[in-house]
Each structure stands twice: as structure tokens, then as C-alpha cells.
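J.: task: produce atomic coordinates for the following.
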Amino acid sequence: WGENYGAQCGNGTNVTELPPGSYTGLTNIVQMDGGRSYSMALRSDGTVYTWGRTENGELGNGVGWSNYVHSPQAINLTNVIQIEAGNTHALALLRDGTVRSWGSNFYGQLGDSTRNDRLTPSPTRFSGCIVALAAGYSHTLALRADGTVLACGNNALSSLGNGTTGGIYPFPSPVPGLTDVVAIAAAGYSSFALRSDGTVWSWGYNAFGELGNGNTTDSAVPVQVSGLSEIRQIAASYYNGYAIRNTGEAYAWGRGDMGAIGDGSAAWRLTPVVIPGLTDPKKIEAGDAGWAIALLQDGTLRAWGYNVHGVLASGAPLGAYRYSHEPVLNVTAANGVDAGFATAHVLGHLVGVTGVETPASEQVPMALALRVAPVPSRASTSLAFDLPSSGRVAIAIYDVSGRLVRSILTEPRVAGRHTTAWDGKTRSGEEAPAGVYFARLTGSGGTATRRIVLVR
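T.: Sure, this is the predicted structure:
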């Protein structure tokens, strides 16, 4: 719901200010994301759907300028494990650790060493095994399995963190001095990294204090976000940064006059402050228009900031600022949330509307799939897996070098949806060190692999 002038809500229209309940009809979705005027969805079978308005090929359907797609359409991608939407460019991470990209490439943000726009998913030059992607307005970050970060694209405001300001970098290069990274985020012209020690680092544009280091000066190198420790999730928008601590506190910093801090005031916060009353959220997402949304443990949502196009869905007047978080109406059992510029995407079940994602007990899955949560995790990681047919199943954890860390199960299972967990320990019963791991599911329908980020 929210802004829909480009048909980015995906319900067959381009009527704006759609309320919660305008669903896409997609099923078995594991991730969604949105750019300036388009949206993307990743299904559990590794296929990708796009819809909305393409300006530079960002729908990946082979069509360029000013083409509208009002309902989700599959594009030519398989074996995808993560999707990422920039302003007018898009990326997909494949199971083999390679990256495909498409859309605008004026600044080299597609990472293919050229500045040519791509109308369909195309190979890139991101080296090594990539485990996560993040996209800003015109730059891209890629996290490698060894904990280092690659960056490419527009460096006019130091977004690439390479110690310089200015220039266009179409070939992905490492961010100097940044190691042991387990998660990344990007928005606007700013970049963020969560390290395995629970600290957060940022670089790039800082006019609104979004780097969180106590000033409004841009930084060409990573600087530590002040006062944060034991962080398990980070998020960013054009104006703000967000973090969730392992103990449940949620933090925000940056521009405050539109309400995106959520602390009840319009003050800008140049260092992180606790968001009052937002206790132990599963996830925070933020839209570049100046709003944020949090998924709570009970499946409900809270939203705050600028209610542009009704994106807060809290009953607030259109265009109003909400300085404290309010409940999103009619959402009862969400299991995922993502944000476009001014459009909210929710996986789950809405009151009076068929859910975007079919309840687990209602049908036998069509494809073998594996999902992990949370990412990152500090101890136990939930492993949910779908079996299209009965048979023997194996789940094991491997490190980035392919060495077996722990066998989770090897046993017969009936067709359907199941859950198990990894307790973060090795075969010998010791705690596995912080870092990136991979869970591999093997069943009669093939194999599925998902990334686990373990922080201590």
C-alpha cells in the first residue's frame, strides 16, 4: 500500500493511497523490495517477479523508458536467494554467490565495469563469493563471504568509502579497512556496515546526521556510529539510520522534523537514541520519503514518520507527520516487511483479505525451499523448510570454505512445511565463531542453500 502512481502496489491499477489489503496475488514469497516507482518479489523457488514503472529498465523485462506493468510478472532469473532494489537499478544474488543486475547504470552502479543500462538481468564483476547486497540511489554494496565489502557506482558524496570524494566507479572495489562485516545497508548516498563485534560503521552523505557519528560532515571512510553495541539488525533511509540491539532496544538517528526518529519529537539526532516503546522488534525497514515501519514479534506492525500517500496505514491524515510509532491497521499476522520509496510491502495476512503468502498448513509446497531467521543471529537460528514430496531429508551447516560445521538432521519427512533450528554450535558442542555460514537442505526435490550470519 501507499504510493502507486507507477503501479508499484501491483494490484492491477495505479490508484494512489491504497489502503492495506491491496495485495499482489503472489504466493510463496520470501522477500520483497521496492525502488522509486517499481517493486520486486522473490519466491521460495528462486524466481523473481517485478512490477511498476520502468524508467531505465529496472523491471528487468527487456523494456526501457516509461513502461508500466500493473501486476507482477516473472523475469528471466532462477536460483535467486536475495533481491535488492536501488532507486532505478536492481540486483539479484544467486545461490552460487554471483550477482545479476539491471536497470540504470549511468554511474556504474550495476557493477559490470560499464556505464551501459541493462534491460534484463546481466552478469556483473563482483568478485569472490557474495553473500549480501545493498543499494543506494546510485551506488551498490556487496558483502563477501570473507567479511569484506565491495562498492561501485556514484562517489560524488563519498558513498563508496574509498577515501575519496567524487568520481564514477563502475568496477566494484573493496572498501579499505572494513573487515569482519556480517550485514550491510545503503540508502540515498550513505552506506552502513554491521561488524561481527556488534558495532555499526557508516560513510558517505551526512547532511542530516544519518551517519550517526555526532556531526553533519560527509565521510569518505567508514566511521563508527556512536554508542551502539551488540547490534543484530541495521536499516537505512535517505535521511536516517536504524538499528536493533540484541537485548531488544531499537535505535534511530538523523533527520527528525518529519517524525522518522520516532522518539516523540521533531529534533534531529546526530547520534542514536532509543525509540521509546518499540520493544524487541523483529525488523525495521525505512522508506526514503521519510518514514519507517517495524515488524513486531507478534506479527503486528508499527509505523511512524511522514504519512506520504498514506504509507503509514495507521489512520493518520494524508501528509501528516507522526513523531511516535502507531499501529498499522488491519495487519494481524505479518511475517515480513519491506519498504519502497513511499510504498510498504508486507508478507502475511490482512484482515478481510486473502494473504499475500499462503498459510503453511493449507497446501503442499510446490517446490523445495529453505528459509532462515533471524539474519543476523546471535545464538539460535530458525530453519524453516518446504518439501514438495515425502522422502529423506538432510540439513547441514557449512562455513565459507565449505567445511561441515554441524549436521542438523538426516531423517525421513513427509511432504509439507517443517521447522528445525541450529543452536550456533559446532559438532564438538563448542560455540561457532562469529561469521558467515551456509545452511544446506537436501531432499527429493533437489537442494537449497541459505546464508546465516552469526554475531557474538
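J.: in terms of contact, does G305 touch A294 like I think?
T.: No. Between G305 and A294 no contact is recorded; they are 11.3 Å apart, counting by CB atoms under 8 Å. From N, CA and C alone the C-beta is placed, and that goes for glycine too.
J.: higher neighbour count, these two?
T.: Counted by other CB atoms under 10 Å, G305 and A294 do not tie: G305 has more neighbours, with 30 against 25.
J.: the strand or helix carrying that one pairs with which strands, and in what direction?
T.: For G305, the host element (DSSP states H and E) is strand 301-306. Taking DSSP bridges as the criterion, strand 301-306 pairs within the sheet with strand 291-295 (antiparallel), strand 321-327 (antiparallel).
J.: and these: which comes nearest L370?
T.: Ranking those by their distance to L370 (criterion: CB to CB) puts strand 291-295 first, at 20.6 Å.
J.: which residues does that closest one contact?
T.: Residues from elsewhere that reach strand 291-295, judged by CB atoms under 8 Å, 6 or more residues apart in numbering: 235, 237, 240, 242, 250, 252, 258-260, 262, 278, 281-287, 301-308, 311-312, 325, 328, 334-337, 339, 342, 344.
J.: show me the contacts for the nearest residue to V455 once chain neighbours are set aside.
T.: Residue nearest to V455 in three dimensions, not counting chain neighbours: P376, with 4.8 Å by CB to CB, 6 or more residues apart in numbering. Taking CB under 8 Å, 6+ apart, we find P376 in contact with 182-183, 194, 232-233, 453-455.
J.: ditto for N76
T.: Residues near N76 by CB under 8 Å, 6+ apart: 60, 120-121.
J.: and with 10 Å instead?
T.: N76 sits next to 47-48, 60-62, 100, 102, 120-121 when contact means CB atoms under 10 Å, 6 or more residues apart in numbering.
J.: from T50, how far out is it?
T.: 11 Å (CB to CB, to the nearest Å).
J.: got any residues that touch both of the two?
T.: Joint contacts of N76 and T50 (CB under 10 Å, 6+ apart) are 60-61, 102.
J.: quick one, strands of the stretch 151-300 of the chain?
T.: Assigned by DSSP state E, counting those that start in this stretch, the strands in the stretch 151-300 of the chain fall at 168-174, 181-187, 190-195, 200-204, 219-224, 231-236, 240-245, 250-254, 269-274, 283-287, 291-295.
J.: relative to L91, how far out is M32?
T.: From M32 to L91 the distance is 14 Å (CB to CB).
J.: right, I mislabeled it, should have said R100
T.: 7 Å.
J.: those two: which is more packed in?
T.: L91 (29 against 24).
J.: correct me, but that one touches G136?
T.: No. Judged on CB atoms under 10 Å, L91 makes no contact with G136 at a distance of 11.7 Å.
J.: just to revisit the earlier point, overlap in contacts of G305 and A294?
T.: 262, 286, 325.
J.: low-confidence bits of this protein, can you list those?
T.: Applying pLDDT under 70 to the chain flags the ranges 16-24, 349-366.
J.: buried residues, the helix or strand where F385 lies. List them.
T.: Per DSSP H and E, F385 falls inside strand 381-387. By neighbour count, with 16 or more other CB atoms under 10 Å as the criterion, the buried positions of strand 381-387 are 381, 383-387.
J.: just give the closest residue to L318, not the sequence neighbours.
T.: Using CB to CB, 6+ apart, the closest residue to L318 is G310 (5.5 Å).
J.: which neighbours do L91 and G136 have in common?
T.: Going by CB under 10 Å, 6+ apart, residues that sit against L91 and also against G136 are Q109.
J.: tally of neighbours for P433?
T.: Neighbour tally, P433, other CB under 10 Å: 12.
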